[in-house]
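Asker: no sequence on this one, just coordinates:
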């Protein structure tokens with residue numbers, strides 16, 4: 001991009017490089033290690049781990065993936081919710097326990113789910129039908145942890161009654177009880193060969209048991225606090241234990257000797273899990289962090305901050321691409337892990353993508369933030385509008401009524417109303433809280449609505465088609481006036497100046513300005529490349545940004561109509577441009593699937609291109625300028641944090 005004056009300053013999206021971890025055995029506990037399956041990871045390998053979404057539940061006790069990675073089970077309150085990961089929807093809600101569910105575990109064949117509860121019972125569920133198979137009765141206190149044997153024939157359970165019990169999965173019968181602990185048993189795990197069982201207890205010990213006889217093989221007493229979690233390495237040679245003494249210990253299973261102690265957590269260690277190759281260990285703690293450790297050296301590799309609550313549990317998808325953490329606060333966080341280092345999802349403080357918001361079944365064609373930044377509205381080719389909560393990344397409601405692609409969405413200044421435009425030749429007004437349709441507007445002549453916007457006082461709404469701009473009274477739905485003009489280029493966007501006095505449209509390779517009050521055209525911006533495809537006013541009305549079908553971005557000065565800067569960076573048509581609230585940045589989305597950030601002060605691109613993987617139809621900044629929302633051809637809305645790393 002060229003400009004008469006100005007100096008490059010780099011603003012980058014910061015990407016946290018961490019390593020994805022997995023664990024081979026399907027073992028979990030209420031404060032112990034979650035199950036994970038195989039995925040290639042190695043010490044020092046660069047990954048990107050960033051939050052995908054937050055699932056709003058009552059206190060999350062445990063999370064676990066099915067062996068094939070298609071399902072995610074979340075224990076929360078007295079319920080277990082099961083998500084289909086490909087569709088990101090709840091496919092089963094398992095109820096029946098009378099108290100908190102502490103742990104969940106899938107059998108190795110993925111056909112059975114075990115649920116441990118504080119109501120003293122364990123329930124077994126058929127994954128195909130979600131029918132409750134049986135309830136295992138025998139514990140005299142809450143059950144904290146469950147683990148299937150490698151062959152799936154035996155289930156081990158650990159309880160506050162100080163025992164570890166073994167159950168025949170096929171019949172539900174109790175086969176053995178081991179009672180060597182003197183306090184609550186918090187975690188249990190089978191060795192990969194199924195010959196040993198390890199248990200961790202609040203009596204500060206780790207005990208090895210012979211799975212065939214139930215005999216106590218050896219008890220390890222080196223921890224000075226409760227043992228919250230135990231996990232075998234994939235080869236069965238090592239055992240990791242996490243403790244209330246804030247440490248993690250690594251043990252040689254053959255000799256039962258301590259290999260090393262890992263220190264760094266500042267509160268109780270609740271969860272531990274090995275990577276599939278055994279080189280790395282993940283831990284979750286009450287200090288609100290998850291940490292990654294090099295097993296060979298005991299050195300901490302990365303810290304992943306949970307930030308909103310202590311980490312009770314972790315689970316990694318079998319392919320190593322997704323990590324889920326269960327928090328003691330009201331959420332289960334889903335994290336994406338990309339081994340190639342590409343930005344897929346993000347954390348609100350690091351500058352990567354916050355989360356995708358899947359749900360539409362058609363291309364996302366319009367996005368808008370509410371004035372307080374708490375909501376995002378999206379319009380789609382599936383003819384629906386969805387309203388999302390930004391903090392939790394959850395769909396709040398779907399507005400149904402349009403019969404064509406949604407082309408535009410806009411919130412009223414007070415955030416209580418939402419306007420939408422569509423190719424069905426109508427604009428509609430909705431109550432944001434209830435989702436109720438208030439008014440339907442049709443312009444004359446009938447044509448697809450290209451843009452909608454509210455007046456600054458929120459009392460009027462403007463709807464633009466390729467040949468008219470119509471103004472309507474919000475309270476009554478009555479038509480105020482219309483401006484009929486030479487048609488803008490078919491499909492071209494419309495943008496209103498901040499004061500509502502001017503409207504900018506596209507036609508014949510120029511940006512045309514129209515006076516809303518008089519319907520006259522004061523002037524045009526001429527001289528840029530032909531095929532202008534996007535246009536936007538700066539918040540102060542002093543600049544206009546435009547994008548073209550050739551991938552160029554232009555900045556114009558309103559007072560003089562002078563071209564300030566022009567550059568060709570995108571590899572495809574620019575489909576959307578928008579200014580940050582302070583006017584310092586312009587974001588552009590393109591058919592090439594990338595989002596780019598430009599400085600208005602220097603007229604240069606000031607961020608690395610973010611590849612979304614699908615063409616970007618719409619973009620919008622949040623009111624505070626910290627978050628950018630994008631709508632893509634793949635039916636997904638993505639939220640991105642915009643943080644400068646420049647000194």
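Answerer: Done, it's in. Not measured: the values here are computed from a predicted model.
Asker: Tell me what residue 262 is bridged to.
Answerer: residue 248 (DSSP bridges).
Asker: so how far is residue 280 from it?
Answerer: Separation of residue 262 from residue 280 (C-beta to C-beta, to the nearest Å): 11 Å. Yep, even glycine has a C-beta here, placed from its N, CA and C like the rest.
Asker: Give me the common contacts of these two.
Answerer: By C-beta atoms under 8 Å, 6 or more residues apart in numbering, residue 262 and residue 280 have these common neighbours: residue 293.
Asker: Next, give phi and psi for residue 580.
Answerer: Dihedral pair for residue 580: phi -70, psi 160, per degrees, to the nearest 10.
Asker: which residue packs closest to it, ignoring adjacent ones?
Answerer: Closest residue to residue 580 in three dimensions, ignoring its sequence neighbours and counting by C-beta to C-beta, 6 or more residues apart in numbering: residue 625, at 4.5 Å.
Asker: With residue 448 instead?
Answerer: residue 423 (4.4 Å).
Asker: show me the contacts for the one you found.
Answerer: Residue 423 touches 404-405, 407, 448-449, counting by C-beta under 8 Å, 6+ apart.
Asker: Can you get me a residue count around residue 280?
Answerer: If you count neighbours by other C-beta atoms under 10 Å, residue 280 ends up with 25.
Asker: And the residue nearest to residue 448, how far from residue 383?
Answerer: 9 Å.
Asker: shared neighbours of those two, which are they?
Answerer: 404-405.
Asker: before we move on, the earlier item: now the two most distant members of the contacts of residue 423.
Answerer: Farthest-apart pair in these is 405 and 449; separation 10.3 Å (C-beta to C-beta).
Asker: Looking at those two, which is more packed in?
Answerer: Under the neighbour definition other C-beta under 10 Å, residue 405 and residue 449 were set side by side, and residue 449 has more, 29 against 19.
Asker: Does the nearest residue to that one once chain neighbours are set aside lie in a helix or a strand, and which?
Answerer: Once flanking residues are discounted, residue 449 sits nearest to residue 421: 3.0 Å by C-beta to C-beta, 6+ apart. Element membership of residue 421 [criterion: DSSP states H and E] is strand 417-422.
Asker: packing partners for that strand?
Answerer: strand 375-380, strand 384-389, strand 406-411, strand 427-431, strand 451-454, strand 460-464 (3 or more C-beta pairs under 8 Å, 6 or more residues apart in numbering; DSSP states H and E).
Asker: and if we set it to 7 Å?
Answerer: Applying 3 or more C-beta pairs under 7 Å, 6 or more residues apart in numbering; DSSP states H and E, one finds that strand 417-422 contacts strand 406-411, strand 427-431, strand 451-454.
Asker: Least confident secondary structure element in this protein?
Answerer: Taking mean pLDDT, DSSP states H and E as the measure, strand 17-18 is the helix or strand of the chain with the lowest mean score, a mean of 22.
Asker: which among the contacts of residue 423 gets closest to residue 574?
Answerer: The nearest one, if we look at the contacts of residue 423 relative to residue 574 and count by C-beta to C-beta, is residue 407, at 16.9 Å.
Asker: hang on, that closest one packs against residue 449?
Answerer: Yes. The criterion here is C-beta atoms under 7 Å, and residue 407 meets it with residue 449 at 5.9 Å.
Asker: Can you check which residues contact both of those two?
Answerer: Residues touching both residue 407 and residue 449 (C-beta atoms under 7 Å, 6 or more residues apart in numbering) are 421-422.
Asker: any idea how far the closest residue to residue 159 other than its chain neighbours is from residue 382?
Answerer: Nearest residue to residue 159 in three dimensions, chain neighbours excluded: residue 139, at 4.3 Å (C-beta to C-beta, 6+ apart). As judged by C-beta to C-beta, residue 139 and residue 382 stand 49 Å apart.
Asker: what do you get for residue 225?
Answerer: Following C-beta to C-beta, the distance that separates residue 225 from residue 382 is 53 Å.
Asker: Same check on residue 511?
Answerer: With C-beta to C-beta as the criterion, residue 511 and residue 382 are 31 Å apart.
Asker: again with residue 144
Answerer: 44 Å.
Asker: sorry, back to before: and the average pLDDT for the strand holding residue 421 is what?
Answerer: The pLDDT scores in strand 417-422 average 93.
Asker: For the stretch 51-200 of the chain, which segments are assigned as strands?
Answerer: 60-65, 71-76, 79-84, 89-94, 101-106, 112-117, 122-126, 132-136, 143-148, 154-159, 164-168, 174-178, 185-190, 196-201 (DSSP state E, counting those that start in this stretch).
Asker: As a markdown table, these with mean neighbour count, mean pLDDT and distance to residue 235 would be great.
Answerer: Listed next are these as a markdown table, based on neighbours: other C-beta atoms under 10 Å; pLDDT from 0 to 100; distance: least, C-beta to C-beta, whole Å:
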| stretch | mean neighbour count | mean pLDDT | distance to residue 235 |
| --- | --- | --- | --- |
| strand 60-65 | 30 | 76 | 21 |
| strand 71-76 | 26 | 84 | 27 |
| strand 79-84 | 20 | 86 | 31 |
| strand 89-94 | 14 | 85 | 34 |
| strand 101-106 | 29 | 91 | 21 |
| strand 112-117 | 27 | 96 | 25 |
| strand 122-126 | 21 | 96 | 29 |
| strand 132-136 | 16 | 95 | 31 |
| strand 143-148 | 30 | 94 | 18 |
| strand 154-159 | 27 | 95 | 20 |
| strand 164-168 | 22 | 95 | 23 |
| strand 174-178 | 16 | 93 | 25 |
| strand 185-190 | 30 | 94 | 14 |
| strand 196-201 | 28 | 95 | 13 |
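Asker: Just send those strands back as CSV, with distance to residue 370 too.
Answerer: Formatted as CSV, the strands of the stretch 51-200 of the chain follow (distance: least, C-beta to C-beta, whole Å):
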stretch, distance to residue 370
strand 60-65, 27
strand 71-76, 28
strand 79-84, 27
strand 89-94, 25
strand 101-106, 35
strand 112-117, 38
strand 122-126, 40
strand 132-136, 42
strand 143-148, 42
strand 154-159, 47
strand 164-168, 51
strand 174-178, 55
strand 185-190, 44
strand 196-201, 47
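Asker: Which one of those lies nearest to residue 428?
Answerer: So among the strands of the stretch 51-200 of the chain, strand 89-94 is nearest, using C-beta to C-beta, at 26.4 Å.
Asker: What strands flank the closest one, and is each parallel or antiparallel?
Answerer: strand 79-84 (antiparallel).
Asker: Without its sequence neighbours, what residue ends up closest to residue 460?
Answerer: Spatial nearest neighbour of residue 460, excluding adjacent residues (C-beta to C-beta, 6+ apart): residue 471 at 5.4 Å.
Asker: count of residues packed around that neighbour?
Answerer: Every residue meeting other C-beta under 10 Å relative to residue 471 is counted, giving 18.
Asker: Kindly report the same for the one 10 residues further on.
Answerer: The burial metric for residue 481, expressed as a neighbour count using other C-beta under 10 Å, is 13.
Asker: Hmm, it is touching residue 472, no?
Answerer: No. Applying C-beta under 7 Å as the test, residue 481 and residue 472 come out as separate, 9.4 Å apart.
Asker: Would you mind giving the domain segments of this protein?
Answerer: When the chain is parsed with automatic domain parsing, its domains come out as 17-353, 359-484, 488-637.
Asker: Buried deepest among those, which one?
Answerer: Comparing these by mean neighbour count (mean count of other C-beta atoms under 10 Å), domain 17-353 comes out on top with a mean of 21.
Asker: any low-confidence regions in the stretch 151-300 of the chain?
Answerer: Along the stretch 151-300 of the chain, segments meeting pLDDT under 70 are nowhere present.
Asker: any chance you could map the helices in it?
Answerer: Secondary structure of the stretch 151-300 of the chain (DSSP state H, counting those that start in this stretch): no helices present.
Asker: Residue 261: what's it in contact with?
Answerer: Residue 261 neighbours (C-beta under 7 Å, 6+ apart): 247, 249.
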